[in-house]
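*Asks:* from the sequence below, what's the structure:
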Amino acid sequence: MNKMKYPNQTDDVYAIKAVGFKKKTFVLWREVVMAYAAPAIMAGIGGLVTTDRGLQIGALTTIGGASALIALMIGLLLRSRVGRIRWVIGAPHLVVVGVFAWAGSSFGLYAAWLTSVLLENMIPSNHLAWVDRVWIDFPLSGFIASTIVTWRWLLAVTTNFSSKRRRIK
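*Replies:* Modelled structure (predicted):
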């Protein structure tokens, strides 16, 4: 008599789970590129829809540039010793993200002030249209970029930490 062989259906489920489980990593250059591209594209689309020429130019310069710079600074800060401090890893994600978002927007505000003061001293007849935009663009870009970079860094750190903990047990 011919025995019918039934496939083991649980093998496919375990194969799918094994393939789906990947260690999340934090790659700084990808975060910086995305920190530039995402707000620049969105602000550029907003400038096209509203036909605001200043927003179109600001999307590629002050908005995207400030986002990339602050994402780089926050990413380097998190990869340094600051990222190994116990409260940064152990505190709730919203608290850590809030602290770094505040730091990013504060740095953006300081950068806007510094830019305005330097341009005022270098060019006394300050008729550059984009200088007025930095007071909004820099702090807002700093807030958004630092929030996203910190959140993604925390996800990568907690995923890697929990996978190491599972292997130890």
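*Asks:* correct me if wrong: residue 54 contacts residue 133.
*Replies:* Yes. Look at residue 54 against residue 133 with CB atoms under 8 Å: they come within range, at 6.5 Å. (Each C-beta comes from the backbone N, C-alpha and C, glycine too.)
*Asks:* so between those two, which is more surrounded?
*Replies:* Legend: neighbour count by other CB atoms under 10 Å for residue 54 and residue 133, higher for residue 133 (18 against 13).
*Asks:* what sits against that one?
*Replies:* By CB atoms under 8 Å, 6 or more residues apart in numbering, residue 133 lies in contact with 54, 58, 62.
*Asks:* which single one of those is nearest to residue 154?
*Replies:* Using CB to CB, residue 62 comes nearest to residue 154 of the contacts of residue 133, at 27.6 Å.
*Asks:* how many residues are close by that closest one?
*Replies:* 24.
*Asks:* just the element for the closest residue to it other than its chain neighbours, please.
*Replies:* In space, residue 62 comes closest to residue 137 once its chain neighbours are excluded; the distance is 4.1 Å by CB to CB, 6 or more residues apart in numbering. Using DSSP states H and E, the element containing residue 137 is helix 130-168.
*Asks:* average model confidence for that helix?
*Replies:* Throughout helix 130-168, pLDDT has a mean value of 79.
*Asks:* equivalent analysis for stretch 79-97, please.
*Replies:* Averaged across stretch 79-97, pLDDT comes to 85.
*Asks:* can you give me the end-to-end span of that stretch?
*Replies:* 15 Å (CA to CA, to the nearest Å).
*Asks:* which residues touch it?
*Replies:* Contacts with stretch 79-97, where a contact means CB under 8 Å, 6+ apart, come from 26, 28, 77, 78, 147, 150, 151, 153, 154, 157, 158, 161.
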